[in-house]
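Undergrad: quick check, what structure comes out for this input:
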Amino acid sequence: MVGKNLKLIRTKNNDTQDYISKIINIDRSQYSRYETGKYLITTSILISFCKHYDISIDFICGKKSNPKITKK
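TA: Numbering: from 1, shown residues only. Take a look at the predicted model:
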């Protein structure tokens, strides 16, 4: 679920794995393993990813169907 949603957000923004891996300061091959589910994503990397795209961590984790952050 997490890897699928990482890829969904990245591709919806027309970004490459190389681009986002540089933004969140990790190796592209490591990021690729997050998308394929071979590695579990760390909390700090997940936060960096979500901050960059201004999306909810709950969406990436499959808890929400809408990626946008809801302001209360």
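Undergrad: wait, I23 sits on H52?
TA: Yes. With contacts defined as C-beta atoms under 8 Å, I23 counts as touching H52 at a distance of 5.5 Å. Quick note: C-beta positions are derived from backbone N, CA and C, even for glycine.
Undergrad: can you pull the buried residues of the lowest-mean-pLDDT helix or strand in the chain?
TA: Between all helices and strands in the chain, the lowest mean by mean pLDDT, DSSP states H and E belongs to helix 57-60, at a mean of 93. Residues I57, F59, I60 are the ones in helix 57-60 that count as buried (16 or more other C-beta atoms under 10 Å).
Undergrad: quick one: the first one from T16, how far?
TA: Spelled out, it's I57. Per C-beta to C-beta, to the nearest Å, I57 is found 22 Å from T16.
Undergrad: what sits closest to M1 if chain neighbours are left out?
TA: If you skip the residues right next to it in sequence, M1 has G62 as its closest partner in space, 4.2 Å away by C-beta to C-beta, 6 or more residues apart in numbering.
Undergrad: now for the one you found, how many residues are close by?
TA: G62 sits with 11 neighbouring residues when counted by other C-beta atoms under 10 Å.
Undergrad: do Q17 as well
TA: Residues contacting Q17 under the criterion other C-beta under 10 Å number 18.
Undergrad: go on, E35?
TA: Counted by other C-beta under 10 Å, the residues lying close to E35 total 20.
Undergrad: which residues does it contact?
TA: Listed by C-beta atoms under 8 Å, 6 or more residues apart in numbering, the contact set of E35 reads G3, K4, L6, K7, R10, Q17.
Undergrad: out of the residues you listed, who's nearest G37?
TA: Checking those against G37 by C-beta to C-beta gives G3 as the nearest, at 4.3 Å.
Undergrad: just confirm the closest one is within a strand.
TA: No. Counting by DSSP: H, G, I helix; E, B strand; the rest coil, G3 is located in no strand; its state is helix.
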